[in-house]
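**Student:** Build me a structure from this.
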Amino acid sequence: MTAHSMDAPELSRRSLLKVGLLGSAFLATAGVTASLSGCSASVPAQGLAILRDGDLPFLRALIPVILEGAVPAEKMEAAVGKTIAGIDYSLNRFSPEMAKLTNQLFDVLAMGVTRGPLTGIWGSWEKASGDDIRQFLDRWQNSSLGLLKMGHASLLQLVMLAWYGNPDSWGHCGYPGPPTV
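**Tutor:** Residues are numbered from 1 along each chain as shown. Down below sits the predicted model:
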């Protein structure tokens, strides 16, 4: 009888560096391609300082999935709008380099040629179901590529920062608000 090991093969330092470099090169190329092809308009959406029209469909699909359970269904639309405003507010106060990296992440997620392979969502964000979004988030969270794990963490942190910085969210988590001075 032959013994079979179910252990995953070890990833050497050299292999890890190669994967990281290839992933970085792929995402950088996709971001530059989006910028040069006009897919990435650098003009902010009306009423916003940083977020662009092309970023909004993704955020409108993502935010309800992340806030599920924290916001009642009847208040979700308003919560999404406030969270988008909060994300824009935060990005406008981040360093220019951090805002640029976030825009590149949104560019990669907006372009169909990169969105499909990286997220598993081949159609538009508007047509993605909640389950599709959850699978995408799970895929990135559990990816063997550190770059996708960082993207997952960045997206969650952006949404959580924006939502829980909003006084409308405080009642759900039992926070009475800052003390009056």
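**Student:** so what's the backbone phi/psi at G130?
**Tutor:** As for G130, its main-chain torsions (degrees, to the nearest 10) stand at phi -60, psi -40.
**Student:** typo on my end, it should be G120
**Tutor:** phi 80, psi 0.
**Student:** now A128
**Tutor:** Dihedral angles for A128 - degrees, to the nearest 10 - are phi -80, psi 140.
**Student:** Return the distance of it relative to G174.
**Tutor:** Distance, A128 to G174, using CB to CB, to the nearest Å: 32 Å. (Each C-beta comes from the backbone N, C-alpha and C, glycine too.)
**Student:** now do M150
**Tutor:** 31 Å.
**Student:** same deal with M76?
**Tutor:** The value you get for M76 to G174, if CB to CB is used, is 20 Å.
**Student:** D53 now?
**Tutor:** Counting by CB to CB, the gap from D53 to G174 is 37 Å.
**Student:** Pick out whichever of these two has more residues nearby.
**Tutor:** The residue with more neighbours, out of D53 and G174, is D53; 12 against 6, by other CB atoms under 10 Å.
**Student:** mind checking how far the more buried one is from L109?
**Tutor:** Distance from D53 to L109, by CB to CB: 14 Å.
**Student:** and what of I87?
**Tutor:** 14 Å.
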